[in-house]
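**Q** Sequence plus predicted model, see below.
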Amino acid sequence: MTTGNTQDLQDNKVIGVLALQGAFIEHIQHLNCCIDQNGYNLNVVAVRTAEELNHCDALIIPGGESTSMSLIAQRTGMYKPLYEFVRNPSKAIWGTCAGLIYISKEVSNEKELLKPLELVEIKVKRNAFGRQAQSFIQDCDFSDFAPGLHDFPTVFIRAPVIEEILDPKRVKPLYTLDNGLIVAAIQDENILATSFHPELADDVRFHDWFIKRFVIKQ
Ligand SMILES: NC(=O)CC[C@H](N)C(=O)O
């Protein structure tokens, strides 16, 4: 019998972090910190194989280099398992930076060799702020969609932006910078895309919001 309490909702759910390339260790560390701080009954695993993927209830695709991530996925036979997994509406999916690019439907530039999962109905522009030297951190107030998430130190490293929402019925923008660039969006109720790297901030509140909103659905 489910009492409907948080414990039942958590019951050993597994959050996978795609570990083919990029900042997957930092995501794992942030998630485990949230689990330690809140006593969530959750597990976090690095995902490199279809077998590991199949045990997951959620998948985070980290920042890094999307062309490399894409080539490694193809060469390791992970493209098809990932393509199918992310289309399961019972799974929570979160792409950060290169991960946002990798789950997008269309990429408007630097798309040679890139084979995205074409999940999220958006067109993205890679390296939209310029090169590494133009990377930046700014405090953002995400409290409109994430209660209490004020003044979050938001890290943009050679970040993409969402140039166009291809299906506004399914995709809603969550955050737009003062210059009008969309840097966070949600598709349906289970897919999150962010241009920035919460895993590189010395602050786990964004990951805790992801766990509550997308995984245990508190
Ligand atoms: N920090 C990042 O993930 C950068 C993304 C990278 N510039 C790309 O286009 O794939």
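**A** Okay, I see it. Residues are numbered from 1 along each chain as shown.
**Q** Read off the pLDDT value for residue 182.
**A** Note on residue 182: pLDDT of 98.
**Q** Can you get me a residue count around it?
**A** Neighbours of residue 182 under the rule other C-beta atoms under 10 Å: 20. (C-beta placed from N, C-alpha, C; glycine too.)
**Q** Residue 44: what's it in contact with?
**A** Applying C-beta atoms under 8 Å, 6 or more residues apart in numbering to residue 44 gives the contacts 14, 15, 16, 17, 28, 31, 32, 35.
**Q** from those, which ones fall inside strands?
**A** With strands taken from DSSP state E, the overlap with the contacts of residue 44 comprises 14, 15, 16, 17.
**Q** so which of those residues comes closest to the ligand?
**A** Nearest to the ligand out of the ones in strands among the contacts of residue 44 is residue 17 (C-beta to the nearest ligand atom; 13.9 Å).
**Q** Touching, the closest one and residue 45? I think so.
**A** Yes - assessed by C-beta atoms under 8 Å, residue 17 is found in contact with residue 45 at 7.4 Å.
**Q** out of the two, which sits in the busier spot?
**A** Between residue 17 and residue 45, residue 17 has the larger neighbour count (other C-beta under 10 Å), namely 27 against 17.
**Q** Test of understanding: give the bridge partners of that one.
**A** Note on residue 17: beta-bridge partners by DSSP bridges are residue 46, residue 60.
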